[in-house]
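Novice: Please find the sequence and the predicted model below.
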Amino acid sequence: MADKAAKKKFRVVLVDDHTLVREALASVLDNEKDIQVVALGGSGAEAQALVEKHKPDVLVMDIELPDQNGLVVGRDLLLENPKLNVIFLTMHHHEEYALRGLRAGAQGYLLKNSSSQELVDSVRSVASGGTYITREISDRIARHVARNGGQHAFTQLSEREFQVLRGLAMGKSCKELAEEFALSVKTIYTYRTRLLEKLDLKNDIDLLRYVLRHNLLAGEDEPMPLTSAE
């Protein structure tokens, strides 16, 4: 009977590059009778390996990872594992990150300042076939759509373009971004030119003003390196 009961538990893989954070999250979830954390990881590569090995019901993953963008990792894993459910657990309060996470195929988006109970509720919800977006973000998405119909130009940028936009606004040079994203300087200049055209801007000052006006650096304190070409 014990084995049968264990099989009914929702199996979870947790990925966060901070050891204390992922261990604390695992402790919260493992206290629930219907949830079992089967593995912990700290990078995009580990997320891919652990999902392949354990076939969890739910992957709870940070967007900020040291080797890859969590949005890209989640998207790729969902393409390879249609039954997988992904929850992005992140510090990003801006609704655009949640929208990008949902476009990547995630079923959940949770802020790191959420309560332990909300984490548990989100896992149960997505594992049962539902979705879960933390209330603060779902309200912002509703207001965003009501105001703009989702038509801001930055919503049409690819993940790579979006990250280059942020990097430039944070004062990084094209050379620094090239090193960060493992691309050529020429490629970064191409992205910069494309961004100015898509956003109808003239120079880097306009670009910075645009990013600040739309609050696209809200909650930023570190870059999100991308490795997937888009």
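Specialist: Arrived safely.
Novice: which residues of this protein fall in helices?
Specialist: Using DSSP state H, the helices found in the chain span residues 2-7, 19-30, 44-54, 70-80, 95-103, 116-127, 135-148, 159-169, 174-181, 185-198, 204-213.
Novice: How about the spatially most central residue of the chain, nearest residue that isn't a chain neighbour?
Specialist: Of all residues in the chain, the one closest to the mean position by CA atoms, centre = their mean is Ile63, 3.3 Å from it. Spatially, and ignoring its direct neighbours in sequence, Ile63 is nearest to Gly70 (4.0 Å; CB to CB, 6 or more residues apart in numbering). For glycine as for every other residue, the C-beta is placed from the backbone atoms N, C-alpha and C.
Novice: sorry, back to before: just the pLDDT at the residue nearest to the centre of the chain, thanks.
Specialist: Confidence at Ile63, expressed as pLDDT, is 89.
Novice: Output the below-cut-off pLDDT ranges for this protein.
Specialist: 1-7, 140-151, 218-230 (pLDDT under 70).
Novice: mind giving me the domain split of it?
Specialist: The chain breaks down by automatic domain parsing into domains covering 2-145, 153-213.
Novice: close enough to count as contact, the residue nearest to Ile63 and Asp76?
Specialist: No: taking contacts as CB atoms under 8 Å, Gly70 lies outside contact range of Asp76: 10.7 Å.
Novice: higher neighbour count, these two?
Specialist: For Gly70 versus Asp76, neighbours defined as other CB atoms under 10 Å are more numerous around Gly70 (27 against 17).
Novice: can you tell me how far the more buried one sits from Val123?
Specialist: Counting by CB to CB, to the nearest Å, the gap from Gly70 to Val123 is 17 Å.
Novice: what's across from the residue lying closest to Ala127 once chain neighbours are set aside in the sheet?
Specialist: In space, and not counting its chain neighbours, Ala127 is closest to Phe10: 4.1 Å by CB to CB, 6+ apart. Applying DSSP bridges to Phe10 gives these bridge partners: Ile35.
Novice: dump the residue contacts of Phe10.
Specialist: Shown in contact with Phe10 (CB atoms under 8 Å, 6 or more residues apart in numbering): 34-36, 57-58, 123-124, 127.
Novice: what's the answer for Gly130, then?
Specialist: Gly130 is in contact with Gln107, counting by CB under 8 Å, 6+ apart.
Novice: Return the distance of it relative to Asp121.
Specialist: 10 Å.
Novice: Give me the nearest residue to Leu29, chain neighbours excluded.
Specialist: Leu29 sits nearest to Ile35 (CB to CB, 6+ apart), 4.8 Å away.
Novice: what do you get for Ala104?
Specialist: Arg75 (4.0 Å).
Novice: How many neighbouring residues does the residue nearest to Val28 when sequence neighbours are not counted have?
Specialist: Spatial nearest neighbour of Val28, excluding adjacent residues (CB to CB, 6+ apart): Ser116 at 4.6 Å. Ser116 has 13 neighbours, counted by other CB under 10 Å.
Novice: Good, we can wrap up now.
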